[in-house]
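A.B. asks: quick one: sequence plus predicted model below, questions after.
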Amino acid sequence: MTGLLIILGGVVCVTTNGKGCPDWPGCYGHILPPLQMDAVIEFTHRVIAALTAPVLIGAAVAGWGKTRTIRWISRPPILAIVFLAAVVAFGATAVVYGLPPALAVADVGSALIVLALMVTAAAVASVRRRIPALPDRLSFRRPFARLSLATLASVFLVLVSGVVVAGKGSLTRCLGWPLLVGRLISSDVPGWPSVARALIATLAGLLVLALAAQAWRTQRQQPLLVWPALAAGLLFLIEAGLQVLLLASDLTVWLLLVSVTAVTCLWAALVAVVVLAGLTEAADTTPAR
């Protein structure tokens with residue numbers, strides 16, 4: 001649900017329907033939106049946010065009630081509720097008043113953190129169900145674990161920095177890697193901010209590919225770890241291919257929608273790699289009782 005919420009937020013952005021419903025929480029003064037595409041798209045995003053909240057609360061209650069002593073399962077959903085509330089508040093503010101860049105960064109960052117927290121809880125719960133003796137901690141001293149953390153941090157910077165460099169009406173503000181299409185970035189902030197984001201995006205892409213290669217080379221004995229790392233590498237290649245298609249053809253909303261989906265799944269895969277790398281290292285370095 002949190003992944004779908006982010007993807008639909010991207011749909012609203014790339015279709016430029018952020019003002020499809022000019023008021024909040026209703027739409028044009030009514031409970032349901034009028035039958036026009038921009039209003040339906042924006043209102044659907046709100047409905048998914050509303051449906052995500054009780055599911056998230058249910059996960060938090062179940063985690064606290066059944067696995068209270070396992071902090072990496074019980075705590076993340078509780079924190080996710082706080083960040084989801086922030087996302088909803090930012091969304092309402094954006095509709096009614098608009099968001100300055102600093103709050104827009106906080107909005108995107110909060111949504112990504114919600115997904116990261118829920119992926120963390122799900123990954124730990126899944127692994128501990130198979131191996132109940134795993135320690136309830138994460139360790140990041142080994143090179144692969146540190147590489148996964150650096151990769152996740154760089155991708156986070158790429159995804160949240162788009163709203164900083166985006167000009168008025170530019171699709172650069174939407175979730176994804178920097179688009180190299182001139183008509184899209186002509187209105188963006190000129191100079192070093194855009195250059196810096198492009199450099200960070202290049203570094204992040206190289207780190208994603210390096211993580212996938214390193215996982216295949218050194219972690220093949222850990223299938224739960226190697227597969228999300230390879231998936232992250234594949235998703236980045238898909239994203240890069242979409243950028244080439246956008247350069248080679250007229251801009252299409254469908255390509256942008258696939259791009260948003262790929263980037264969201266890439267983020268989730270990287271979070272899973274970080275969590276599983278931390279669990280694996282912690283298990284290997286915990287003395288046997």
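C.D. replies: Nice, thanks for sending it over. Numbering: from 1, shown residues only.

A.B. asks: for the chain, name the helix or strand with the lowest mean pLDDT.
C.D. replies: Every helix and strand of the chain was ranked by mean pLDDT, DSSP states H and E. The lowest is helix 182-185, at a mean of 44.

A.B. asks: show me where this structure has helices.
C.D. replies: Taking DSSP state H as the criterion, the chain contains helices spanning 2-14, 37-66, 71-96, 101-130, 143-165, 182-185, 192-218, 223-248, 253-285.

A.B. asks: what sits closest to Gly29 if chain neighbours are left out?
C.D. replies: Asp23 (6.5 Å; C-beta to C-beta, 6 or more residues apart in numbering). No exception for glycine: its C-beta is placed from N, CA and C like everyone else's.

A.B. asks: list the contacts of that neighbour.
C.D. replies: Neighbour list for Asp23: Gly29, Val95, Val96 [criterion: C-beta atoms under 8 Å, 6 or more residues apart in numbering].

A.B. asks: comparing the helices of the chain by mean pLDDT, which bottoms out?
C.D. replies: Of all the helices of the chain, mean pLDDT reaches its minimum on helix 182-185 (a mean of 44).

A.B. asks: buried ones in stretch 18-36?
C.D. replies: Gly18, Gly20, Cys21, Cys27, Pro33 (16 or more other C-beta atoms under 10 Å).

A.B. asks: mind putting these in a markdown table, distance to Glu239 included?
C.D. replies: Below are those laid out as a markdown table (distance: C-beta to C-beta, whole Å):
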| residue | distance to Glu239 |
| --- | --- |
| Gly18 | 23 |
| Gly20 | 26 |
| Cys21 | 30 |
| Cys27 | 32 |
| Pro33 | 31 |
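
A.B. asks: check pLDDT for those and point me to the minimum.
C.D. replies: Comparing the buried residues of stretch 18-36 by pLDDT, Gly18 comes last, at 74.
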